[in-house]
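*Asks:* Build me a structure from this.
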Amino acid sequence: MSHRRFLISAAILTLPAAPAFAQKDAAAEQRSSGLSDDFHNDDMIVVTAPYVEQLDILAGTSVLSGDQLAEDLRGQIGDSLTGLPGVSSTSFAPGSSRPVLRGFQGPRVRVLTDGIGSLDASNTSVDHAVTIDPLTAQRVEVLRGPAVLLFGGDAIGGAVNVIDKRIPRDIPDDAVHLDAIGGYGSAADDWSIAGSVDVPLTSKLVMHADGSFRDTGDVNIPGYVLAPALRAEVLAQAAEETEEGHLEEAEELTETANQSGRIANTASRTQTAGAGIAYIDDGGNLGFSVSYYDTNYGVPARPGTEHAHGEEEEDHEEEGPVTIGLKQYRADLRGGVNMGGFFEALNFRAGYSDYEHTEFEGDEIGTVFSVSGIEARAELVQADHDGWRGVIGTQVLVRDFNAIGAEAFVPKNSLESWALFTVQEVDLGNWEVEGAMRVEQTDISANSIGFDRSFNTLSGAIGLAYAPDASALKVGANISRSERAPSAEELLSDGPHIATQAYEIGNPDFTTEKSWGGELYARWDSNDVQLSATAYANFFDDYIFETETAAEEDGLPVFEYFQRDATYYGFEASASVVFARAGGFDFIADGVADYVRAKINNGGGAVPRIPPLRLLGGIKAHSDNLDLRAEVEWSDSQKKVTTFETPTEGFTMVNATAAWRPFGKDGGVTLLASANNIFDVSARRHASFTKDYVPLSGRDIRVSAKFSF
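*Replies:* Numbers count the residues shown, from 1 in each chain. Prediction:
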């Protein structure tokens, strides 16, 4: 990282820190109330930024916390969120899975830790893991629609904000506060454990420490590993080899086609550690944390690829299964003060990351990827003036990326991004008006190839909401204009990538990606009935997408980035209704539905890897001591595919869960059990790059226990 960029970033980090001990951030105190205990707040839904807690610009917000988060814990955050409306997963492998929001993935979805990016390489390629362990998460917020202008103009699809406790938000009442969770899942012999401790050192100073460990084996599945069409193709290749007398090759192809029961090379092992300290008094708060993330996971092989490092290695033989070893060291800062006057508070947040992962071919090192970066944001929160309130903020991201090895498909590059943003709301009684705007400059340079470009983007949104007097109903509409700078990978990729087993090609001449978007939504929120429905559309100019071509390089299929106009539209809906009460139980029916259609304009066909229509419905019996739930998830087939993309068959899964709190809802102990995919059906996510040879797991019996005291 250059000296100039370091000084600029350091200035942003330290500017608001000086008065942090002198004044009070009342909003921060209010939102932190009770959050030190993960188990007494299952019904609490709190959006982290207090100035937008009630804004209808957040019509697409979903929150996962408490027992529901514990039941859905998986090794990667993408696989933990698929029960929420509008959310799918890349499901590249059990060790690498990012969220897919409204059909968008990659750079169009920001994955955040308490409002700051994960600062890893997960948005550069689908095989790169997200360096956030769901085991250490306290709450996960999924933001869709115009709200994401707070966190990045490029996050057109949305943002996933993971809240942990590494920087404490309040002082525990107890001398020592402990939280722990441990569990086992049968489908991958998945063992996991995590724990944290919060200790008040003084009446104003609190220390936190946490750690987690997860170890999984290869994933068990029903039926064949390969999808039917791919299996038929491999068997046909085996027949051709037999006819030509290549019996050894034919035997290998037949063995590949007949693999079943488990997915080879999908085991993983992850361990994390973190520690933080915070000063909290009547004048404000200031906290700091450090953390470590370490994971090793397998990358399943794409059938039919014969990888070589170059023309000089035409006789190159496969050296062994591809695995990834990844480490990240991270430091974070958060604080806030109460200023008084027109601005009631100043909040700031910053993170620094030193990240590296190595792609191994057997025991040999293939390519080493390293990322170092700083992201920081500061926000001035306006006091309420006769119904007018809002926030004005700035954000900076500085990232250096380097890849060293035979398959450095992206050259060494640097990114600098600057942004100013604001969100404003005016309460007019039954009517509310919201607006948001973000101005951003992004500079991307790669000195080794003489590349240096700057992109200026402007994004904005305006919303109108109406709530009748004495009614649980609220309806509204949002219109947004978003602009995104192309990523370094979209611009500069040109080479073989062993982990994705593809030859990837970008285009250095891409322009910014622009879109107009609109939403119509309705919500009903009463004691027994919660309903939400949103219809949306996005119209893109110069949309950037990656798709397979008919070409082949180095024995790998070529995937190339293109830029065309495109259209997205769809809906998402959720419902929860208490339909009966008896014997101390509330009986609840709930459901989720989502659908997205995306196409390249002017006859260009479908956008690749778009999830199909999905319906999920369940019935739950809830009491202070016991929860019982059964659900059915139905996913339609996806036949609207682009050239060289294969269709995906639909599936129906049946799941059941139970949560027992033997000492009551405030007792601090919860025992959980679940049976997922009870009937052991074969299922694949169409949004997955590897869906044809990495199906979802089969029947998975999971048990876990949570403790808080």
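*Asks:* Now the terminal residues of stretch 397-414, how far apart.
*Replies:* From its first residue to its last, stretch 397-414 covers 11 Å (C-alpha to C-alpha, to the nearest Å).
*Asks:* and if you look at stretch 242-250?
*Replies:* 6 Å.
*Asks:* If you average the pLDDT over that stretch, what comes out?
*Replies:* Taken as a whole, stretch 242-250 has a mean pLDDT of 92.
*Asks:* any residues touching it, and which ones?
*Replies:* 238, 239, 241 (C-beta atoms under 8 Å, 6 or more residues apart in numbering). To be clear about C-beta, it is placed using only N, CA and C from the backbone, and glycine gets the same treatment.
*Asks:* does the second one count as helix, strand or coil?
*Replies:* Using DSSP: H, G, I helix; E, B strand; the rest coil as the criterion, the local structure at residue 239 reads helix.
*Asks:* Can you give me the buried ones in the host helix or strand of residue 633?
*Replies:* Using DSSP states H and E, residue 633 maps to strand 626-635. Buried positions in strand 626-635, judged by neighbour count with 16 or more other C-beta atoms under 10 Å: 627, 628, 629, 630, 631, 633, 635.
*Asks:* What number of residues are in the vicinity of the closest residue to the last one other than its chain neighbours?
*Replies:* With sequence-adjacent residues excluded and distances taken as C-beta to C-beta, 6 or more residues apart in numbering, residue 635 is closest to residue 614, at 4.9 Å. Under the neighbour criterion other C-beta atoms under 10 Å, residue 614 is assigned a count of 22.
*Asks:* Any regions of the chain where pLDDT drops low?
*Replies:* Residues of the chain meeting the criterion pLDDT under 70: 1-60, 145-147, 304-319.
*Asks:* quick one on the thing from earlier: between the buried residues of strand 626-635, which is closest to residue 122?
*Replies:* Distance to residue 122 across the buried residues of strand 626-635 (C-beta to C-beta) is lowest for residue 635, with 24.3 Å.
*Asks:* do you know how far the closest one is from residue 163?
*Replies:* Distance of residue 635 to residue 163, given as C-beta to C-beta, to the nearest Å: 29 Å.
*Asks:* my guess is residue 459 contacts residue 513, does it?
*Replies:* No: taking contacts as C-beta atoms under 8 Å, residue 459 lies outside contact range of residue 513: 11.1 Å.
*Asks:* returning to what we had before: among the contacts of stretch 242-250, which one has the most neighbours?
*Replies:* residue 238 (21 neighbours).
*Asks:* Can you tell me the closest non-neighbouring residue to it?
*Replies:* Using C-beta to C-beta, 6+ apart, the closest residue to residue 238 is residue 253 (3.8 Å).
*Asks:* Toward the C-terminus, what is the element adjacent to the helix or strand hosting the one you found?
*Replies:* Per DSSP H and E, residue 253 falls inside helix 247-257. Later in the chain than helix 247-257, the nearest helix or strand by DSSP H and E is strand 260-263.
*Asks:* how close does the residue sitting furthest away from the middle of the chain sit to residue 126?
*Replies:* Most distant from the centre of the chain: residue 245, at 48.7 Å, with distances by C-alpha atoms, centre = their mean. Remark: distance between residue 245 and residue 126 (C-beta to C-beta) = 39 Å.
*Asks:* State which strand of the protein is the longest.
*Replies:* strand 556-582 (DSSP state E).
*Asks:* Quick check: next helix or strand after it?
*Replies:* strand 585-600.
*Asks:* what about the helix or strand just after that following strand, distance to the chain center?
*Replies:* Counting by DSSP H and E, the element after strand 585-600 in chain order, helix or strand, is strand 605-606. Relative to its chain's centre, strand 605-606 lies at 25 Å (C-alpha atoms, centre = their mean, to the nearest Å).
*Asks:* for the stretch 51-200 of the chain, what spans make up the helices?
*Replies:* 66-71, 77-80 (DSSP state H, counting those that start in this stretch).
*Asks:* just these: most buried one?
*Replies:* Scoring the helices of the stretch 51-200 of the chain by mean neighbour count under mean count of other C-beta atoms under 10 Å gives helix 77-80 as the most buried, with a mean of 26.
*Asks:* Which neighbouring elements make contact with it?
*Replies:* On a contact count with 3 or more C-beta pairs under 8 Å, 6 or more residues apart in numbering; DSSP states H and E, helix 77-80 meets strand 99-101.
*Asks:* And for the strand it packs on, what's in contact with it?
*Replies:* 77-78, 81, 86-90, 105, 109, 111, 142, 144, 157-158, 160, 611, 687.
*Asks:* Who does the most centrally placed residue in the chain form a beta bridge with?
*Replies:* Among the residues of the chain, the one closest to the centroid is residue 99, at 4.0 Å (C-alpha atoms, centre = their mean). With DSSP bridges as the criterion, residue 99 is bridged to residue 89.
*Asks:* quick one: it and residue 77, what's the gap?
*Replies:* From residue 99 over to residue 77 the distance is 7 Å, taken as C-beta to C-beta.
*Asks:* Could you do residue 603 as well?
*Replies:* For residue 603 relative to residue 77 (C-beta to C-beta), the value is 37 Å.
*Asks:* who touches residue 292 in this structure?
*Replies:* Neighbours of residue 292 in contact, by C-beta under 8 Å, 6+ apart: 272, 273, 274, 327, 328, 329, 330.
*Asks:* and the fourth one, how many neighbours?
*Replies:* Counted with other C-beta under 10 Å, the burial measure for residue 327 works out to 15 neighbours.
*Asks:* before we move on, what about the third one?
*Replies:* Neighbour count for residue 274, taken as other C-beta under 10 Å: 23.
*Asks:* For it, which non-adjacent residue is spatially closest?
*Replies:* Take residue 274 and drop its neighbours on the chain: the residue closest to it by C-beta to C-beta, 6+ apart is residue 291, 3.6 Å away.
*Asks:* Hmm, residue 352 and that neighbour touching each other?
*Replies:* No: at 10.9 Å, residue 291 does not count as touching residue 352 under the criterion of C-beta under 8 Å.
*Asks:* what are the ranges of the strands in the stretch 401-550 of the chain?
*Replies:* For the stretch 401-550 of the chain, the strands defined by DSSP state E, counting those that start in this stretch cover 413-428, 431-446, 451-466, 473-484, 494-497, 502-505, 513-525, 529-553.
*Asks:* What helices and strands are in contact with the second one?
*Replies:* In other words, strand 431-446. By 3+ C-beta pairs under 8 Å, 6+ apart, strand 431-446 packs against strand 413-428, strand 451-466, strand 473-484, helix 488-492.
*Asks:* Residue 133 is nearest to which of the ones you listed?
*Replies:* It is, among these and with distance given as C-beta to C-beta, helix 488-492, at 24.6 Å.
*Asks:* mind checking how far the closest one is from the chain centre?
*Replies:* 21 Å.
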